[in-house]
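Visitor: One predicted model, sequence on top.
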Amino acid sequence: MKITFSIRISGCATKCWHCYVNGGPGRIMKYNEYKKCLNVISELISYLENEDYNIDLFLDYEPLLHPDIIKIINLTAYRMEKNYNFKNMPWSTTGIPISKRNDYKEIMKSLKNIDVNSFMISFHGSAKTQIEALKYNNVDEVQIDAMEKIKEAGFGLVANFIISQSFIKDFQSVYKRYQKFIDTQRFIVPLFVPTTRLRKFEKQRATVNDLIELNNLIKKIGLKGDYDMLDKGKITEKKVYNNVREKSDIYSSFEKIENRQPDWIFISILPGLDIYYGNTGSENFKLGNLYNDKPAELYKKIKKLKSNYCFRNYYRIDKLPKPSLVAKKYGDPKGNKVYASEEDVLLKWVDKFVQAIV
């Protein structure tokens with residue numbers, strides 16, 4: 001069993017339209033509070049690792065916004081070396097803190113000391129689309145400035161191209177604009193989770209025909225890489241609808257579907273040190289507070305938890321109806337929009353079911 005502790009030390013500079021963790025401006029966790037957080041987590045980890053849990057630590061949202069981020073990086077690497085490992089992993093950022101902070105060189109030095117060798121930035125389309133998608137004025141110029149600083153410091157750059165109808169329309173001009181900065185690119189079909197933001201994004205979600213067009217554009221410019229996800233095995237509402245209706249034994253309950261997901265528990269800790277059973281951005285099930293609850297008590301609660309990789313992150317799945325009933329009432333048997341997984345489509349239907357009874 002894997003457990004990820006996500007600690008929110010700051011908000012995010014943007015409110016990206018595809019963001020499944022509902023990122024945006026938020027509170028700062030003070031440095032002394034963060035030290036308290038690490039003290040408790042260290043004790044929790046000592047209990048959990050005796051039970052053969054695989055534990056890792058993650059700073060969510062945009063940690064580079066934190067005024068004491070250099071101290072936090074150094075402290076975390078020293079205290080949590082085994083569980084806080086960025087070797088060969090890109091550091092995800094909007095680029096805004098790198099452009100705006102006067103101490104960005106010191107930040108980059110600290111990141112190199114923990115084996116970060118590349119950054120990852122997401123792109124949504126033209127400069128106009130990028131502003132619309134991130135809700136941040138002049139973000140295109142800010143990100144170009146950040147990318148110049150990233151390359152000057154010797155880091156690699158991974159581009160996340162977020163697939164939407166707008167992105168496909170803008171793709172050729174976008175790639176030409178950013179090409180000189182990019183070392184590696186990934187094409188990402190956005191997730192669906194039950195939030196207002198992702199419900200609104202459905203208007204931008206690409207269809208099968210949109211992805212065929214994008215694949216042709218990629219071939220046209222001669223972009224190298226493995227982009228089979230754009231051409232094979234596309235997951236559409238129609239495909240999931242047929243699967244659920246025709247394979248009732250495999251889709252007999254949401255608990256059965258959840259049990260096929262990775263054996264992974266997500267736990268989030270917010271400023272103020274409230275601790276939740278849920279992935280970043282999901283604060284539905286509170287476990288306690290690191291100031292008020294003893295580590296031994298929290299350990300007993302965590303030990304009873306089941307994986308919340310998908311549906312358990314948002315719902316009490318024993319209260320949900322059968323997937324076939326949800327599909328019949330809310331599924332679109334002709335839907336050709338493309339999703340990252342079958343579970344995303346099922347979450348979309350469950351969300352409609354819950355919204356209808358609230």
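Guide: Good, I have the coordinates.
Visitor: Walking through the stretch 201-350 of the chain, point out its helices one by one.
Guide: The residue ranges that make up the helices of the stretch 201-350 of the chain, judged by DSSP state H, counting those that start in this stretch, are 208-221, 237-246, 254-258, 295-303, 323-330, 342-357.
Visitor: of all these, which lies closest to Arg312?
Guide: With Cβ to Cβ as the criterion, Arg312 lies closest to helix 254-258 of those, at 5.9 Å. Every C-beta, even on glycine, is put in place using the N, C-alpha and C of the backbone.
Visitor: rewinding a little: of the helices of the stretch 201-350 of the chain, which shows the lowest average pLDDT?
Guide: The stretch with the lowest mean pLDDT among those is helix 208-221, at a mean of 89.
Visitor: ok and that one relative to helix 237-246, angle-wise?
Guide: 130 degrees (axes from the mean of the first three to the mean of the last three Cα atoms, to 10 degrees).
Visitor: which other residues reach helix 208-221?
Guide: Counting contacts by Cβ atoms under 8 Å, 6 or more residues apart in numbering, the residues outside helix 208-221 that touch it are 163, 165, 168, 171-172, 175, 187, 206, 227, 230-231, 234, 236, 336, 338.
Visitor: Now which of these would you call buried?
Guide: For the contacts of helix 208-221, a neighbour count by 16 or more other Cβ atoms under 10 Å gives the buried set as 163, 168, 171, 175, 187, 206, 227, 230, 234, 236, 338.
Visitor: Phi, psi for Phe123 please.
Guide: phi -130, psi 140 (degrees, to the nearest 10).
Visitor: Across the sheet, point out what pairs with it.
Guide: According to DSSP bridges, the residues that bridge with Phe123 are Phe161.
Visitor: before we move on, the earlier item: the contacts of helix 208-221 in strands, which ones?
Guide: Secondary structure assignment by DSSP state E places 187, 236, 338 of the contacts of helix 208-221 in strands.
Visitor: In the protein, where is pLDDT below threshold?
Guide: 225-233, 358 (pLDDT under 70).
Visitor: ok, longest helix in it?
Guide: For the chain, the helix that runs over the most residues, judged by DSSP state H, is helix 31-49.
Visitor: so who does Val174 touch?
Guide: Shown in contact with Val174 (Cβ under 8 Å, 6+ apart): 123, 125-126, 161, 167.
Visitor: domains of this protein?
Guide: With automatic domain parsing serving as the domain definition, the record reports that the chain contains domains spanning 1-85+262-309, 99-221, 233-257+320-358.
Visitor: between the ones you listed, which gets nearest to Trp91?
Guide: Judging those by Cβ to Cβ, what sits closest to Trp91 is domain 99-221, at 4.9 Å.
Visitor: about what we covered before: and the ones in strands among the contacts of helix 208-221 as a markdown table, adding distance to Lys87?
Guide: As requested, these are arranged in a markdown table below (distance: Cβ to Cβ, whole Å):
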| residue | distance to Lys87 |
| --- | --- |
| Phe187 | 25 |
| Thr236 | 37 |
| Val338 | 33 |
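Visitor: Closest one of those residues to Glu141?
Guide: Ranking these by separation from Glu141, with Cβ to Cβ as the measure, puts Phe187 on top at 24.3 Å.
Visitor: now that closest one: how far from Ala146?
Guide: Separation of Phe187 from Ala146 (Cβ to Cβ, to the nearest Å) stands at 21 Å.
Visitor: How about Tyr241?
Guide: 42 Å.
Visitor: Ok, Ser253 next?
Guide: Using Cβ to Cβ, which is the criterion applied here, Ser253 is 46 Å from Ala146.
Visitor: who has more neighbours, these two?
Guide: Of the pair Ser253 and Ala146, Ala146 is the one with more neighbours under other Cβ atoms under 10 Å, namely 24 against 15.
Visitor: Go ahead and name everything in contact with the helix or strand containing the more buried one.
Guide: Assigning secondary structure by DSSP states H and E places Ala146 in helix 139-152. The set of residues external to helix 139-152 that reach it, using Cβ under 8 Å, 6+ apart, is 14, 93-96, 98-100, 104, 108, 119, 121, 127, 130-131, 136, 157, 178, 181.
Visitor: And for the nearest residue to Pro63 once chain neighbours are set aside, the neighbour number?
Guide: Sequence neighbours aside, Ile9 is the residue nearest to Pro63 in space, at 5.4 Å (criterion: Cβ to Cβ, 6 or more residues apart in numbering). Ile9 is flanked by 28 other residues according to other Cβ under 10 Å.
Visitor: And Ala356, by the same measure?
Guide: The burial count assigned to Ala356 is 9, neighbours taken as other Cβ under 10 Å.
Visitor: What about the contacts of helix 139-152, which are in helices?
Guide: Filtering the contacts of helix 139-152 for membership in helices, criterion DSSP H, returns 96, 98-100, 104, 108, 127, 130-131, 178.
Visitor: From these, keep the buried residues only.
Guide: Among those, those scoring as buried are 96, 98-99, 104, 108, 127, 130-131, 178 (criterion: 16+ other Cβ under 10 Å).
Visitor: mind saving the C-alpha coords of stretch 245-255 as CSV?
Guide: Written as CSV, here are the backbone C-alpha positions of stretch 245-255 (Å, rounded to 0.1, in the frame of the first residue of the first chain):
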residue,chain,number,x,y,z
ARG,A,245,-24.2,-1.9,-20.1
GLU,A,246,-22.6,-5.1,-21.7
LYS,A,247,-20.2,-6.2,-19.0
SER,A,248,-22.3,-6.0,-15.8
ASP,A,249,-20.1,-8.4,-13.9
ILE,A,250,-17.1,-6.1,-14.3
TYR,A,251,-19.1,-3.0,-13.5
SER,A,252,-21.4,-4.4,-10.9
SER,A,253,-20.5,-1.7,-8.2
PHE,A,254,-18.4,1.4,-7.7
GLU,A,255,-16.6,-0.4,-4.9
